[in-house]
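Participant: following is a predicted model, sequence given first.
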Amino acid sequence: MSVRSDLLVRREFDLDLSFMKTGDRKFGRNIIKASIMAFLVALLVASSCYITIQRLNELHVRSLASQELILSLGHVLQTVKGEESAQRGFMITGKESYLQPYLFAQSSLPGQINHLSQLMGNDASMELLVVEINAKQADLQSIETTIRTNGSNWPGLVALTDSSNRAMDGINDRILGMILQQENMFEDLENERAGLYSRVVALVSSLIVFELLLCGISALTIGRNRAARLDSERLLNAKNALLRAQRDEFKSANDQLTAASMRFESLFQHIPVACVYTDSKGKILEWNQTSESLFGYTREEALRSTIFQTVVPPRDIATARKAMAAALAGQSLSAMEWVCLNKKGEERELFANLIPLLGEDDLPMGTIAAMIDITERKAVELLKNEFVSTVSHELRTPLTSIRGALGLVCSGAVGTLSDKALQLCAIANSNTERLVRLINDILDMEKIESGNLAFNNVDCCITDVVRNAIEENRGFADQFQISLALTAKESNTRVYADPDRLIQVMNNLLSNAIKFSPNRCEIIVEVHRATEGVIVSVEDCGPGIPEEFRLQVFDRFAQADSGDTRQKGGTGLGLSISKAIVEHLGGRIWFDTLETGTRFTFHLPYATASSGERYEIDRS
């Protein structure tokens, strides 16, 4: 019988007793007049009821003791698991804060075990459990001592951890077995209570028969009290109707819950995303139809295995375990690219999100992985990049020759040209230069994406690099009557970087500032020292960046789609390349929109005393 149904039955029984007591008060005077035989029968029934109620009370006490024992066993198991989790967190991270649950368990566990021993008495299972917990405590103390002495990378730590895990499994199995035993005992007690309850009902029924006999003898009294009895019956029927309405409400709520569960199951199975639920050890708990199609394992096959035995390549098991540990710590990992294996052993590239699977009390008990196959998309991207790289290389050779030839023609090396011809050659030469810059930018982006962009990092003065970039762009600025001003409080600020790449970044920032600033204004370039590195900024006088475009500023081929911007020219690759270069050098780049104009800023770490080393910065 369910708890809710048992509650309803008890309420009906209480109403029946209330009705009987009302009748008893009405028939009180007639009971006194009953015969000696009727009195002896009533006394016999009352004695049986008393004995039965005493037994019910005894069973109730034993049931409460069994429930308390189950709760105590659960508390001990939860404390030991919390101690294990805290020790594992300390082993992985080395942070002392993870030992708080462990220290709490150390102080509270003896009291819990003592309380449990008092409840269990001289039980052999309890003695074995105490021995296993003491051994587990010794293992955890040994692991803590080892970590503090030798560090978390000590080779022997794995053996200690395996021993501790086996001890934990033994404790877990033993406590669960004891809980199961107590639950069986509790069920037996409840069954016996139900039988005694039926006996009480039978005895009460006998009393009702006895009362009916007395009512037959006292017909006159029954007639006078009939109205009161009818009122009691109406009250009983009304309350029973209320109970039936509540029962119907419970049934409706249960039906709604079942329907919601079926809808979720349908969505989970048919969503075009591979969804895999795992426990804290990587065992697969759920596996939808998209996962079957992607990896080739049926749901039955998957549920008998772990992700490490199915989809994770052996070389990536350590990385996958680290990601799972982060998710179990409550961290959500998104937009990850993984390489997994299908049943045929073929590698598939996946775009995946990994989030915690929450259990009781909203605590992580496993992980949920949502994956999309991007193998074909990656292949297409690779083909596209190879095509762009090949075409760019093929275009650069003839363009170099064209640029050289146009340069000779424009310089007059092949003879004097008319003003009209010279103007046309200048236009052709300018557009050739533009094409060369576009091709160079595309090739740089291809190298950045493939990780082949060359860097020749040296210990250099950032102020000198910025000053050289300004001089290179001064002629371009003079065409628009724009002045370039440098503000540098420190003249010898050193960074570890590639000067040519830094000049490339500065050229992109300065050329953008010049193109988008009105004539006869001043562009301010500033170099100053910060706590962890040097900061370089370029502030223009332009109209600023439109709000709807600010999130795309550093994207490839990104340009504010206005007529004025298109007239300024540009490939839309300069800022993207600059961002990649700065981040490769350990820095970061951003922009600020001012009341008048925009300020682009990048940060680089200082060069250290040892050549080739540099400070790491916080990119959060």
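Facilitator: That came through, no problem.
Participant: so how far is residue 435 from residue 400?
Facilitator: Distance, residue 400 to residue 435, by Cβ to Cβ, to the nearest Å: 10 Å. (C-beta placed from N, C-alpha, C; glycine too.)
Participant: what does residue 65 give?
Facilitator: Applying Cβ to Cβ to residue 65 and residue 435 gives a distance of 89 Å.
Participant: residue 390 too?
Facilitator: Counting by Cβ to Cβ - residue 390 and residue 435 are separated by 17 Å.
Participant: in this structure, which helix or strand is least confident?
Facilitator: When each helix and strand of the chain is scored by mean pLDDT, DSSP states H and E, helix 563-568 comes last, with a mean of 45.
Participant: show me what whichever helix or strand comes after that helix is packed against.
Facilitator: Past helix 563-568, further along toward the C-terminus, the next helix or strand under DSSP states H and E is helix 574-584. On a contact count with 3 or more Cβ pairs under 8 Å, 6 or more residues apart in numbering; DSSP states H and E, helix 574-584 meets helix 419-450, helix 499-515, strand 588-593, strand 598-605.
Participant: tabulate the ones you listed (a markdown table), appending mean neighbour count, distance to residue 116 and mean pLDDT.
Facilitator: As requested, those are arranged in a markdown table below (neighbours: other Cβ atoms under 10 Å; distance: least, Cβ to Cβ, whole Å; pLDDT from 0 to 100):
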| stretch | mean neighbour count | distance to residue 116 | mean pLDDT |
| --- | --- | --- | --- |
| helix 419-450 | 15 | 62 | 75 |
| helix 499-515 | 21 | 68 | 91 |
| strand 588-593 | 16 | 56 | 92 |
| strand 598-605 | 21 | 57 | 93 |
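Participant: any chance of those in JSON lines, with distance to residue 167 too?
Facilitator: Conversion of the helices and strands packed on helix 574-584 to JSON lines gives the following (distance: least, Cβ to Cβ, whole Å):
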{"stretch": "helix 419-450", "distance to residue 167": "50"}
{"stretch": "helix 499-515", "distance to residue 167": "56"}
{"stretch": "strand 588-593", "distance to residue 167": "48"}
{"stretch": "strand 598-605", "distance to residue 167": "47"}
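Participant: now do the residue nearest to residue 486 when sequence neighbours are not counted, the pLDDT please.
Facilitator: Spatial nearest neighbour of residue 486, excluding adjacent residues (Cβ to Cβ, 6 or more residues apart in numbering): residue 525 at 5.0 Å. Residue 525 carries a pLDDT value of 94.
Participant: wait, is residue 525 part of a strand?
Facilitator: Yes - applying DSSP: H, G, I helix; E, B strand; the rest coil, one finds residue 525 inside a strand.
Participant: how many neighbours does it have?
Facilitator: 22 (other Cβ atoms under 10 Å).
Participant: and the gap between it and residue 471?
Facilitator: Counting by Cβ to Cβ, the separation of residue 525 from residue 471 is 12 Å.
Participant: so what's the residue nearest to residue 486 up against?
Facilitator: Residue 525 sits next to 466, 470, 484-487, 510, 536-539 when contact means Cβ atoms under 8 Å, 6 or more residues apart in numbering.
Participant: are any of those buried, and which?
Facilitator: Neighbour counting with 16 or more other Cβ atoms under 10 Å marks 466, 470, 484, 510, 536-539 as buried within these.
Participant: and stretch 476-492, how far from the chain's centre?
Facilitator: Taking Cα atoms, centre = their mean, to the nearest Å, the mean C-alpha location of stretch 476-492 is offset from the chain mean by 49 Å.
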